[in-house]
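>>> A structural model of the following input is requested.
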Amino acid sequence: MRFPQSDSGIPRKKTPGRLAWELQQNEAMTNASGMTLIEVLVAMAVAAVLTVGAGGLLVASARVVTEGQAATTGALLVSQKLEQLRASAAATREGEERLTIDGRVLTGAGAAGAYIRRWAAVPVAEWPGVWLAEVELLTSARKRVVRVRALVERPSS
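Just a heads-up that it's a prediction; the model follows:
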């Protein structure tokens, strides 16, 4: 250990008070609290596990939101077809059409849309002017989104 220098450059004498002060400084340095490498690695591992878990939750929530949007769109498209059947006096009893993601009907051979909408309507013998209508909406991958059966009062033709 080097001798402490005074302002004039002459080494200071080690007094008992000075030795006690240096001893306290040395103890403070050896008892200095800090994080070891193992503690840092464990903290990083815990943070990584939590981050991966949060990422999984984000993916799951995005999937639920997408399914909810598809169900809402499906319900609107099925409701739209039921209203068309209700308003129409034509004798169209069944059909299928392809729709875009925003519900526009695609025409032409080989039209590929986001949805396939099928419907069928049959008159109910006991109630004149009332038809039993079934409308089903599928994704283009043939996964069912919505299926509705309803009694529809149709205008007489």
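>>> Looking only at residue counts, what's the top helix in the protein?
Assignment by DSSP state H gives helix 37-87 as the longest helix of the chain.
>>> could you say what helices and strands that helix packs with?
strand 115-123, strand 130-139, strand 144-153 (3 or more C-beta pairs under 8 Å, 6 or more residues apart in numbering; DSSP states H and E). For glycine as for every other residue, the C-beta is placed from the backbone atoms N, C-alpha and C.
>>> Val52: which of these is closest?
Proximity to Val52 (C-beta to C-beta) singles out strand 130-139 among the helices and strands packed on helix 37-87, at 30.3 Å.
>>> How about the contacts made by Ala62?
Not one residue lies near Ala62 by C-beta atoms under 8 Å, 6 or more residues apart in numbering.
>>> Look up how far Val152 lies from Ala60.
38 Å (C-beta to C-beta, to the nearest Å).
>>> per-residue confidence for the residue nearest the centre of the chain?
By C-alpha atoms, centre = their mean, the chain has its centre lying nearest to Ala62, at 1.2 Å. At Ala62, the predicted lDDT confidence score is 91.
>>> do the same with the one 4 residues further on
You'll see Thr66 listed with a pLDDT of 84.
>>> neighbours around it, how many?
Per other C-beta atoms under 10 Å, the neighbour tally for Thr66 reads 10.
>>> ok, now how distant is it from Ala114?
Applying C-beta to C-beta to Thr66 and Ala114 gives a distance of 12 Å.
>>> How about Glu94?
22 Å.
>>> relative orientation of the longest helix of the chain and strand 115-123 in degrees?
Interaxial angle of helix 37-87 relative to strand 115-123 (axes from the mean of the first three to the mean of the last three C-alpha atoms, to 10 degrees): 40 degrees.
>>> Going forward, count from 611.
Sure, I'll start counting at 611 from here, so that last one is helix 647-697.
>>> quick one: helix 647-697 to chain centroid distance?
The gap between the average C-alpha position of helix 647-697 and the chain average comes to 2 Å, counting by C-alpha atoms, centre = their mean, to the nearest Å.
>>> now do stretch 688-704
35 Å.
>>> Check stretch 646-666 too.
For stretch 646-666, the distance to the chain centre is 24 Å (C-alpha atoms, centre = their mean).
>>> Pull the residues that contact it.
Counting by C-beta under 8 Å, 6+ apart, Met645 sit against stretch 646-666.
>>> Just the mean pLDDT for that stretch, thanks.
In the prediction, stretch 646-666 has an average pLDDT of 91.
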